[in-house]
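Engineer: pasting the structure only:
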């Protein structure tokens with residue numbers, strides 16, 4: 001905890017001094033009282049009031065004073081508050097393997113239902129954008145507050161061939177930082193074979209783009225990316241290069257794996273394909289960006305993952321002045337002291 005005006009903390013010596021004064025006055029009052037020969041009769045005439053009650057209102061007033069003096073130094077604390085400027089990008093896999101029915105009714109339908117439930121749980125002032133990726137990535141919906149537009153975009157997914165997980169991350173970042181000159185088309189791959197190697201992002205043709213100084217991974221609180229996929233990368237940008245792009249901007253990339261981990265051949269519409277979830281890469285992406293990886297083996301698991309994400313992405317932790325809260329607590333103690341004094345003694349007393 002820090003303070004805007006720490007020099008005022010010395011005022012906190014006042015409550016202990018007042019407490020010492022109160023104790024001294026009580027002892028002095030007791031010495032004077034024993035001088036009265038009829039003191040016992042006087043005490044009996046006053047009624048059998050519990051002796052501890054007369055100390056409660058002053059004690060509460062003393063606490064209220066201490067809290068007010070503490071608030072005067074304007075304390076600052078890390079507090080979780082609802083985010084009013086956060087943007088979340090959903091990068092969703094729409095490759096052909098999402099037709100598989102190991103997650104009922106299909107992987108795609110389960111992912112769509114979970115994403116729509118996620119939107120319902122998010123605060124209404126959090127903007128959401130959607131990227132769909134397969135062999136390439138497309139922006140399905142610009143970041144918006146309209147949940148209806150987002151649901152329409154999710155329902156319009158069209159399955160395609162290939163899995164370019166890196167493209168999904170890179171396009172999400174290009175949408176979040178339109179002025180950074182992130183050119184997806186310039187991040188070409190070279191070579192031959194079933195899994196071409198992508199060009200490092202540092203070689204991309206973006207010399208005219210402003211250079212952004214790297215920040216600590218996960219330090220950017222205004223945006224996050226959630227990527228859901230059921231396979232391993234088969235084409236496109238290296239996902240770890242895309243993860244570095246996100247980490248340098250402080251953006252967390254939460255990864256969600258759905259479907260088969262060990263790998264199996266799935267068939268549909270008269271043809272078959274071998275699929276395997278690349279959990280290791282998804283974990284590395286999450287770790288590189290100071291985020292988390294989640295595995296969802298069933299539709300129920302997938303919904304729980306999104307529920308968990310909605311609770312942590314709808315708020316942000318920031319250093320906030322809490323002097324108002326402390327002052328409110330002080331007022332509550334003062335009111336309680338006054339109420340007890342009136343109720344027990346019929347007057348405001350010390």
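Structural biologist: Nice, I can see it. Computed from a predicted model, the values in this text were never measured in an experiment.
Engineer: which of the residues in the strand or helix carrying residue 344 are buried?
Structural biologist: With elements taken from DSSP states H and E, the one containing residue 344 is helix 323-345. With burial defined by 16 or more other Cβ atoms under 10 Å, the residues of helix 323-345 counted as buried are 323, 326-327, 329-330, 333-334, 336-337, 341. Using the backbone N, CA and C atoms, a C-beta is placed for each residue, glycine as well.
Engineer: could you check stretch 280-292 and say which residues are buried?
Structural biologist: The neighbour-count criterion (16+ other Cβ under 10 Å) identifies 281-282, 284-292 as the buried residues of stretch 280-292.
Engineer: ugh, wrong one, I meant stretch 100-108
Structural biologist: Of the residues in stretch 100-108, those scored as buried under the neighbour-count criterion (16+ other Cβ under 10 Å) are 100, 102-103, 106-108.
Engineer: just stretch 117-136 next, same as before
Structural biologist: When neighbours are counted by 16+ other Cβ under 10 Å, the buried residues of stretch 117-136 are found to be 118-119, 122, 126-136.
Engineer: pull up the distance across it, start to finish.
Structural biologist: Between the opening and closing residues of stretch 117-136 lies a distance of 26 Å (Cα to Cα, to the nearest Å).
Engineer: can you give me the mean pLDDT across it?
Structural biologist: This predicted structure assigns stretch 117-136 an average pLDDT of 91.
Engineer: next one: stretch 17-24
Structural biologist: This predicted structure assigns stretch 17-24 an average pLDDT of 85.
Engineer: would you map the helices across the stretch 251-350 of the chain?
Structural biologist: In the stretch 251-350 of the chain, the segments counted as helices under DSSP state H, counting those that start in this stretch are 279-288, 299-313, 323-345.
Engineer: closest one to residue 186 among those helices?
Structural biologist: With Cβ to Cβ as the measure, helix 279-288 is the member of these nearest residue 186 (21.4 Å).
Engineer: roughly how far apart are the residue nearest to residue 90 when sequence neighbours are not counted and residue 250?
Structural biologist: When the adjacent residues along the chain are set aside, residue 90 lies closest to residue 130, with 4.9 Å between them (Cβ to Cβ, 6 or more residues apart in numbering). Between residue 130 and residue 250 the computed distance is 22 Å (Cβ to Cβ, to the nearest Å).
Engineer: next: residue 307.
Structural biologist: The spacing between residue 307 and residue 250, counted by Cβ to Cβ, is 25 Å.
Engineer: again, but for residue 278
Structural biologist: Distance from residue 278 to residue 250, counting by Cβ to Cβ: 25 Å.
Engineer: check residue 165 too.
Structural biologist: As judged by Cβ to Cβ, residue 165 and residue 250 stand 20 Å apart.
Engineer: do you have the helices of the stretch 51-200 of the chain handy? List them.
Structural biologist: Under DSSP H, counting those that start in this stretch, the stretch 51-200 of the chain gives helices at 56-72, 107-121, 147-155, 165-176.
Engineer: quick one: the strands in the stretch 1-150 of the chain?
Structural biologist: Under the criterion DSSP state E, counting those that start in this stretch, the stretch 1-150 of the chain contains strands at 2-3, 75-82, 87-93, 127-133, 137-144.
Engineer: and the first one, what's its mean pLDDT?
Structural biologist: For strand 2-3, the mean per-residue pLDDT is 82.
Engineer: and that strand, how far from the chain's centre?
Structural biologist: 23 Å (Cα atoms, centre = their mean, to the nearest Å).
Engineer: what's the answer for the fourth one, then?
Structural biologist: Centroid displacement of strand 127-133 relative to its chain, using Cα atoms, centre = their mean, is 19 Å.
Engineer: which strands or helices does that strand pack on?
Structural biologist: strand 87-93, strand 137-144, helix 147-155, helix 165-176 (3 or more Cβ pairs under 8 Å, 6 or more residues apart in numbering; DSSP states H and E).
Engineer: just checking, what packs against the third one?
Structural biologist: The elements that helix 147-155 packs onto, with contact taken as 3+ Cβ pairs under 8 Å, 6+ apart, are helix 107-121, strand 127-133, strand 137-144.
Engineer: which residues touch that helix?
Structural biologist: Under the criterion Cβ atoms under 8 Å, 6 or more residues apart in numbering, residues 92, 112, 115-116, 119-120, 124, 128, 130, 140-141, 144 lie in contact with helix 147-155.
Engineer: and of those residues, the nearest to residue 57?
Structural biologist: Distance ranking of the contacts of helix 147-155 against residue 57, using Cβ to Cβ, places residue 124 first at 45.4 Å.
Engineer: residues touching the spatially closest residue to residue 292 that is not a sequence neighbour, list them.
Structural biologist: Closest residue to residue 292 apart from its sequence neighbours, by Cβ to Cβ, 6+ apart: residue 286 at 5.4 Å. Under the criterion of Cβ under 8 Å, 6+ apart, the contact list for residue 286 reads 253-255, 292-293.
Engineer: can you select the buried ones from those residues in ChimeraX?
Structural biologist: The following ChimeraX selection, which keeps only the buried ones among those, applies the criterion 16+ other Cβ under 10 Å:
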select :253,254,255,292,293
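Engineer: now, the contacts of residue 286 that are in strands?
Structural biologist: When the contacts of residue 286 are checked against strands (DSSP state E), the matches are 253-255, 293.
Engineer: pretty sure residue 175 sits against residue 141.
Structural biologist: No - here residue 175 lies out of contact with residue 141, judged by Cβ atoms under 8 Å, at a distance of 9.7 Å.
Engineer: which neighbours do those two have in common?
Structural biologist: The contact lists of residue 175 and residue 141 share residue 129, where a contact means Cβ under 8 Å, 6+ apart.
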